[in-house]
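Colleague: Here you go, sequence then predicted model.
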Amino acid sequence: MKSTENKNRKPKTSNLPLSMGAGLRAGLKIGAVALGFHLFGSGFIWVVLAFVFCYDILRGILSCLLSLVVLIGFFSFLFSQIF
């Protein structure tokens, strides 16, 4: 009975967000931060940290600004065709 239970059991998988190139990608990010720190000093680290922690907020703001630009362009096109 135990052998059939072991055969029917799904293989153990991991839900970690790692892929084949994740190690290389992480190494490149760390290298880029180290190079930026070497070239620009400690201010670069604060900029990177601010970008990492505020990424969702910045993405929302940029999305709103892009929508606003598209709407302004659309309405200016309509007004130029009407008048």
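Modeller: Nice, thanks for sending it over.
Colleague: Which helix in this structure has the most residues?
Modeller: The single longest helix within the chain, with elements called by DSSP state H, is helix 55-82.
Colleague: Report the distance from that one to the chain centre.
Modeller: With CA atoms, centre = their mean, to the nearest Å as the basis, helix 55-82 stands 22 Å off its chain's centre.
Colleague: what's the answer for stretch 26-43, then?
Modeller: That offset, for stretch 26-43, works out to 18 Å (CA atoms, centre = their mean).
Colleague: same deal with stretch 47-65?
Modeller: 10 Å.
Colleague: Averaged pLDDT, it. What do you get?
Modeller: In this model, stretch 47-65 has a mean pLDDT of 90.
Colleague: tell me, how many neighbours does Gln81 end up with?
Modeller: Using other CB atoms under 10 Å, Gln81 has 7 neighbouring residues. Every C-beta, even on glycine, is put in place using the N, C-alpha and C of the backbone.
Colleague: pLDDT at it, what is it?
Modeller: We have a pLDDT of 90 for Gln81.
Colleague: for Asn6, same thing?
Modeller: Note for Asn6: predicted pLDDT of 60.
Colleague: can you check the one 10 residues further on too?
Modeller: Residue-level confidence at Leu16 comes out at 57, pLDDT.
Colleague: Spatially central, which residue of this structure would that be?
Modeller: Closest residue to the average C-alpha location of the chain: Tyr55 at 7.4 Å, with CA atoms, centre = their mean.
Colleague: From Leu62, how far off is it?
Modeller: Applying CB to CB, to the nearest Å, the value for Tyr55 to Leu62 is 10 Å.
Colleague: Equivalent analysis for Ile82, please.
Modeller: The gap separating Ile82 from Leu62 is 30 Å, by CB to CB.
Colleague: Who has more neighbours out of these two?
Modeller: In this view Ile82 and Leu62 are compared by other CB under 10 Å, and Leu62 has more residues nearby, 10 against 6.
Colleague: Now do the buried residues in stretch 30-45.
Modeller: Within stretch 30-45, the residues scored as buried using 16 or more other CB atoms under 10 Å are Phe44.
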